[in-house]
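*Asks:* Dropping a prediction and its sequence here:
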Amino acid sequence: MQNKKDIKFIDLFAGIGGFHSAFHELGCECVFASEIDESARITYERNHYSSSPNMFDKGLFNDDIRNISVEEIPDFDILCAGFPCQPFSQAGYKQGFSDSRDSERGNLFFNIVDILAAKKPKAFFLENVRGIVNHDSGKTFRIIREILEEELGYSFYFKVVKATDYGLPQHRPRAFMIGFRDEGFLKSFTFPPNIPLKFNMSDVFGGVCSREIGFTLRVGGAGSNINDRRNWDSYLVDNEVVRIQPHHALKIQGFPDNFLLPNSKRQAMKQLGNSVAVDAIKACASEIIEHLKVIDNREKVPNLHYRKRNKGEWTELYTFLKLIVDKKISLGDENLNPTKEEFKVHKITTLNIEEEVIFENKNIVVNNQDRQNIINKVISNEDILNIRDEIKNGKKTFDIQQVNDIFQNLGIEIINGGTSSQKSDIILDVSHNGRMFEKEGFGIKSYLGAKPTLLNASGSNTNFVYEIKKFDDEKLKKINKITTNSKIKDRLQAIYEMGFELEFKRIEADTMQYNLQVLDKELPSLLSKMLLQYYEKRTNNLEGNLKEIYLSKTEMKHGFLDLLGYQIKIKRFIIAVLLGMFSGKKWNGDFLSNGTIVVKSDGSQIAFHIIKKDILEKFLFTNVKFDTPSTTRHRFGSVYKERDGKFYIKLNMQIRF
């Protein structure tokens with residue numbers, strides 16, 4: 001069972017650290033934080049360095065969340081985030097995910113999604129204004145919930161919580177969203193019961209105040225007359241009008257009296273107005289920690305570890321079982337057809353099991369550190385076909401009881417192994433023409449569902465940033481109002497028709513830029529041209545895309561020989577992505593697997609391997625294409641304005657078979 005002191009959390013859009021204060025008081029450790037506002041960063045570090053010195057000393061207090069690679073974030077248990085609320089607030093413009101001002105503040109929720117998808121923490125705790133619930137007729141909130149539940153597999157609990165619910169004399173209604181991973185049948189989390197006020201506004205001011213409960217603390221503004229219906233900062237205390245000061249605001253937000261604030265009153269009030277009510281966060285955080293204990297205890301109960309999986313996860317187990325039946329696999333050609341050559345399979349294991357299956361004579365031997373079982377045939381071709389059909393017919397995440405039963409009969413326990421940070425979905429000992437290959441890692445690409453991806457869209461990691469020089473706010477609005485079915489193509493065309501050009505500046509996250517340059521210093525620029533060609537002309541085939549660029553009139557100077565050189569660069573790139581490179585993790589040039597197994601739509605399997613590198617290159621170059629992922633989910637395709645006053649548009653690179 002996890003103790004509180006073992007629980008690690010991260011603090012995103014951290015402000016001055018209301019989440020940090022609450023979780024630290026409960027004995028948890030903050031291992032990463034991110035806040036872009038420079039003044040708030042100073043306040044955060046002054047107050048929280050002593051509780052998390054390792055985080056600060058290791059450079060894990062980040063600024064712009066868009067520029068951090070997810071793999072650079074340490075492992076953690078709970079993600080905390082009060083993501084930007086202005087796009088959903090009554091006090092703001094209420095543009096939601098389409099708010100492209102101030103560093104894309106409207107769609108930064110999807111950075112949270114990227115982190116949850118990659119790091120898979122046990123729980124999340126999100127906070128926002130209550131207006132997010134009904135924003136855009138409820139569509140925004142529905143998208144948030146569907147992504148967290150259906151795409152990421154978390155449970156979802158929601159409540160509009162007031163600071164007064166947990167003892168603080170301030171209304172401050174906020175939407176609290178809490179969820180747990182692998183909760184299973186233990187969907188029993190409840191928000192803590194309300195408690196009476198710990199003190200009132202008379203206690204805050206040290207005099208008789210006409211209001212027991214204060215107004216919701218706001219950001220900025222010079223205030224207004226006490227009789228104005230929009231008044232939020234003036235109070236009648238001992239029959240005199242008193243305007244709330246930072247030390248008052250500190251108290252009604254739940255921070256300790258010795259919390260250090262900026263010398264500027266304006267900055268102090270802005271930072272406190274942007275913060276969370278600490279006592280409300282702390283009360284809910286305590287319940288989260290207790291619920292995690294219940295989930296941890298559940299994990300110790302036998303036969304309750306099985307969970308719903310997506311098609312890719314089930315296909316990995318399908319491949320494992322089919323190789324047990326076949327004991328061999330054909331090598332494929334560039335057209336995805338089997339050849340006469342094959343690998344004979346001698347041993348199988350994966351990152352989802354602790355055991356290994358060995359073929360000795362005619363026996364199937366299941367071997368692990370503690371035992372060795374020789375078993376009879378427990379799976380047939382008919383079973384394989386049934387499992388294939390269940391995977392093809394499955395929706396989102398689902399259970400296949402037959403697979404669970406087969407693994408139980410084999411004496412193999414399925415564990416929640418395998419991560420997005422590995423290239424080898426299955427490990428084999430194989431032989432080919434008398435040559436033995438031990439512990440060969442193979443990735444798995446499956447056509448049992450949607451066409452598989454070679455390079456998944458990954459927000460910042462695969463976003464290419466282009467500057468539009470001498471642009472302005474009115475043109476931004478005009479471009480972003482284009483919402484046709486081909487909106488990216490039409491937006492780019494409109495920019496050109498206005499007389500502007502796009503200049504490639506960088507890949508949004510530094511890691512992918514670094515990885516491409518490890519292969520070839522020209523790759524970032526080359527791929528940026530290919531992306532523009534794809535989104536402008538819809539030329540998705542890599543070979544055709546390159547030909548259109550480098551054999552066109554504008555690029556004729558490169559000539560045919562240069563085209564061959566660029567093709568070589570792109571082939572090296574796609575081989576590297578298949579076998580070794582991740583978009584969000586610095587690459588040292590090593591391959592992490594030596595081949596891939598392709599599961600075709602009929603359930604048959606063929607293998608590609610580095611011993612036939614020329615065929616593998618041809619297969620990839622012929623079969624992979626640029627693809628358009630969700631523009632909302634991956635934050636691209638709209639013109640946006642940065643804090644430096646410059647205008648940009650991002651195009652995302654996803655490559656699919």
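*Replies:* Received, thanks.
*Asks:* which residues in the stretch 301-450 of the chain form strands?
*Replies:* 328-332, 338-350, 356-360, 363-367, 372-375, 426-432, 435-446 (DSSP state E, counting those that start in this stretch).
*Asks:* Which one of those lies nearest to Asp136?
*Replies:* Asp136 lies closest, by Cβ to Cβ, to one member of the strands of the stretch 301-450 of the chain: strand 435-446, at 35.4 Å. C-betas here are computed from N, CA, C, even on glycine.
*Asks:* how about the strands of the stretch 301-450 of the chain, which one is nearest Lys529?
*Replies:* Checking those against Lys529 by Cβ to Cβ gives strand 435-446 as the closest, at 27.0 Å.
*Asks:* What residue in this structure is the furthest from its centre?
*Replies:* Asn239 (53.2 Å; Cα atoms, centre = their mean).
*Asks:* ok, it - contacts?
*Replies:* For Asn239, no contacting residues are found, by Cβ atoms under 8 Å, 6 or more residues apart in numbering.
*Asks:* Least confident secondary structure element in this structure?
*Replies:* helix 101-104 (a mean of 50; mean pLDDT, DSSP states H and E).
*Asks:* And Ile329, how close does it get to Gly214?
*Replies:* 69 Å (Cβ to Cβ, to the nearest Å).
*Asks:* the more surrounded of these two?
*Replies:* The residue with more neighbours, out of Ile329 and Gly214, is Gly214; 26 against 23, by other Cβ atoms under 10 Å.
*Asks:* Nearest residue to the spatially most central residue of the chain in space, ignoring adjacent ones along the chain?
*Replies:* Central residue of the chain (Cα atoms, centre = their mean): Asp114, 1.1 Å from the mean position. Closest residue to Asp114 apart from its sequence neighbours, by Cβ to Cβ, 6 or more residues apart in numbering: Gly459 at 4.5 Å.
*Asks:* how much space between Arg506 and Ser525?
*Replies:* Using Cβ to Cβ, we find Arg506 at a distance of 11 Å from Ser525.
*Asks:* Asn231 too?
*Replies:* Look at Asn231 and Ser525: by Cβ to Cβ, they are 56 Å apart.
*Asks:* do Ala14 as well
*Replies:* Taken as Cβ to Cβ, the span from Ala14 to Ser525 is 35 Å.
*Asks:* And for Ile348?
*Replies:* 43 Å.
*Asks:* more crowded one of Arg506 and Ser525?
*Replies:* Using other Cβ under 10 Å as the criterion, Arg506 and Ser525 rank with Arg506 on top: 17 against 12.
*Asks:* Just say helix, strand or coil for that one.
*Replies:* strand (DSSP: H, G, I helix; E, B strand; the rest coil).
*Asks:* How about the contacts made by it?
*Replies:* Arg506 is in contact with Val465, Gln513, Pro524, counting by Cβ under 8 Å, 6+ apart.
*Asks:* same check, this time on Lys162
*Replies:* Lys162 neighbours (Cβ under 8 Å, 6+ apart): His171, Arg172, Pro173, Arg174, Ala280.
*Asks:* thinking Phe180 is in contact with Phe189, fair?
*Replies:* Yes. Shown here, Phe180 and Phe189 form a contact pair, counting by Cβ atoms under 8 Å, at 6.8 Å.
*Asks:* Show the end-to-end separation of stretch 332-342, please.
*Replies:* End-to-end distance of stretch 332-342 (Cα to Cα, to the nearest Å): 9 Å.
*Asks:* which stretches of the stretch 301-450 of the chain have low pLDDT?
*Replies:* 301-307, 369-371, 415-421 (pLDDT under 70).
*Asks:* Quick one: neighbours of the residue nearest to Asn480 when sequence neighbours are not counted, just the number.
*Replies:* What sits nearest to Asn480 in space, not counting adjacent residues and going by Cβ to Cβ, 6+ apart, is Ser638, at 5.1 Å. Number of residues near Ser638 (other Cβ under 10 Å) recorded here: 24.
*Asks:* Would you confirm that Ser638 contacts Ile649?
*Replies:* Yes. Contact criterion Cβ under 8 Å: Ser638 and Ile649 qualify, at 7.0 Å.
*Asks:* where do the contact lists of these two overlap?
*Replies:* By Cβ under 8 Å, 6+ apart, Ser638 and Ile649 have these common neighbours: Arg491.
*Asks:* Looks to me like the residue nearest to the centre of the chain is in a helix.
*Replies:* Yes. Counting by three-state DSSP, Asp114 is found in a helix.
*Asks:* How about the contacts made by it?
*Replies:* Val70, Ser458, Gly459, Ser460.
*Asks:* if we can go back for a sec, could you measure the residue farthest from the centre of the chain against Val208, distance?
*Replies:* Asn239 sits 8 Å away from Val208, going by Cβ to Cβ.
*Asks:* got it, and Leu321?
*Replies:* Distance from Leu321 to Val208, by Cβ to Cβ: 76 Å.
*Asks:* next one: His171
*Replies:* 20 Å.
*Asks:* Could you do Phe259 as well?
*Replies:* Distance of Phe259 to Val208, given as Cβ to Cβ: 26 Å.
*Asks:* Equivalent analysis for Ile252, please.
*Replies:* Applying Cβ to Cβ, the value for Ile252 to Val208 is 17 Å.
*Asks:* Which of these two has more residues huddled nearby?
*Replies:* Ile252 (26 against 11).
*Asks:* does Arg656 have beta-bridge partners, and which?
*Replies:* For Arg656, the beta-bridge partners are Thr453, Lys625 (DSSP bridges).
*Asks:* show me what contacts it?
*Replies:* Applying Cβ under 8 Å, 6+ apart to Arg656 gives the contacts Lys451, Pro452, Thr453, Leu454, Val624, Lys625, Phe626, Asp627.
*Asks:* Give me the secondary structure label for Arg230.
*Replies:* Put simply, Arg230 is coil when judged by three-state DSSP.
*Asks:* and if you look at Ile606?
*Replies:* With three-state DSSP as the basis, Ile606 sits in strand.
*Asks:* Can you tell me the closest non-neighbouring residue to it?
*Replies:* Leaving aside its sequence neighbours, Ile606 is closest to Gly332 (3.6 Å, by Cβ to Cβ, 6+ apart).
*Asks:* likewise Leu516?
*Replies:* Leu523 (4.0 Å).
*Asks:* okay but that neighbour is in contact with Gln517, surely?
*Replies:* Yes. Between Leu523 and Gln517 there is a contact under Cβ under 8 Å: 6.7 Å.
*Asks:* Of the two, give the one with the bigger neighbour count.
*Replies:* Set Leu523 next to Gln517 and count neighbours by other Cβ under 10 Å: Leu523 wins out with 21 against 12.
*Asks:* Relative to Met581, how far out is the more buried one?
*Replies:* Remark: distance between Leu523 and Met581 (Cβ to Cβ) = 11 Å.
*Asks:* residues touching the closest residue in space to Ile412 that isn't next to it in sequence, list them.
*Replies:* Among residues not flanking Ile412 along the chain, Glu355 sits closest, at 4.8 Å (Cβ to Cβ, 6+ apart). If you count contacts by Cβ under 8 Å, 6+ apart, Glu355 has them with Thr349, Val366, Asn367, Asn368, Gly411, Ile412, Glu413.
*Asks:* Just name the closest of the residues you listed to Thr484, please.
*Replies:* Thr349 (49.8 Å).
*Asks:* wait, what's in contact with the nearest residue to that closest one once chain neighbours are set aside?
*Replies:* Using Cβ to Cβ, 6+ apart and skipping residues adjacent in sequence, the residue nearest Thr349 is Glu356, 4.0 Å away. By Cβ under 8 Å, 6+ apart, the contact set of Glu356 is Lys347, Ile348, Thr349, Val366, Asn367, Asn368.
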